[in-house]
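S.K.: Dropping the sequence and predicted coords here.
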Amino acid sequence: MRPFHLAFPVDNLEKTREFYTNVLGCKVGRSSGKWVDFDMYGHQVVAHLVSKLATVQTNTVDGDEVPSSHFGVILEMADWQILSQRLKDSNMDFIIDPHIRFKGEAGEQATMFFLDPCGNALEFKSFRNDNKIFSKD
């Protein structure tokens, strides 16, 4: 699989750099005074400095109010559990606490949502069966 690229807005590059490196464990790539590249599990995510951030909208999914604009990585279950524990240990204020969604269904997955320091919503998840990531049944 090829890495994806995602750019997202932030209003504080230093807080963003600290969070993505120290909390999420991302490595820093190239950067300038207006943007920072991060290596997020082999994917290139780029924080771009902006003067104003948009308000997050939500949708209801399996009983949770999910931020409609969010990003993250589908991890192996062991990596998801390690990250979940690291975030709990750092007293992360979760939007949606780590839990199992769609239990017993094809799309059963462990999921968690939280905000970065600039209010961007992130979801990290792990499927019970990676072959069912795109399955309809």
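M.R.: All right, it came through fine.
S.K.: can you pull the buried residues of the strand or helix carrying Thr16?
M.R.: In this structure, Thr16 is located in helix 13-18 according to DSSP states H and E. Neighbour counts using 16 or more other Cβ atoms under 10 Å place Leu13, Thr16, Arg17 of helix 13-18 among the buried residues. Glycine gets a C-beta too; all of them are placed from N, C-alpha and C.
S.K.: Outside of that helix itself, list whatever touches it.
M.R.: Val10, Val28, Ser31, Gly33, Lys34, Trp35, Val36, Ala47, Leu49, Asp116, Pro117, Cys118 (Cβ atoms under 8 Å, 6 or more residues apart in numbering).
S.K.: which of these lies closest to Ser126?
M.R.: Among the contacts of helix 13-18, Asp116 lies closest to Ser126 (Cβ to Cβ), at 20.0 Å.
S.K.: wait, doesn't the closest one sit right on Ile95?
M.R.: No. At 11.3 Å, Asp116 and Ile95 do not qualify as touching, with contact defined as Cβ atoms under 8 Å.
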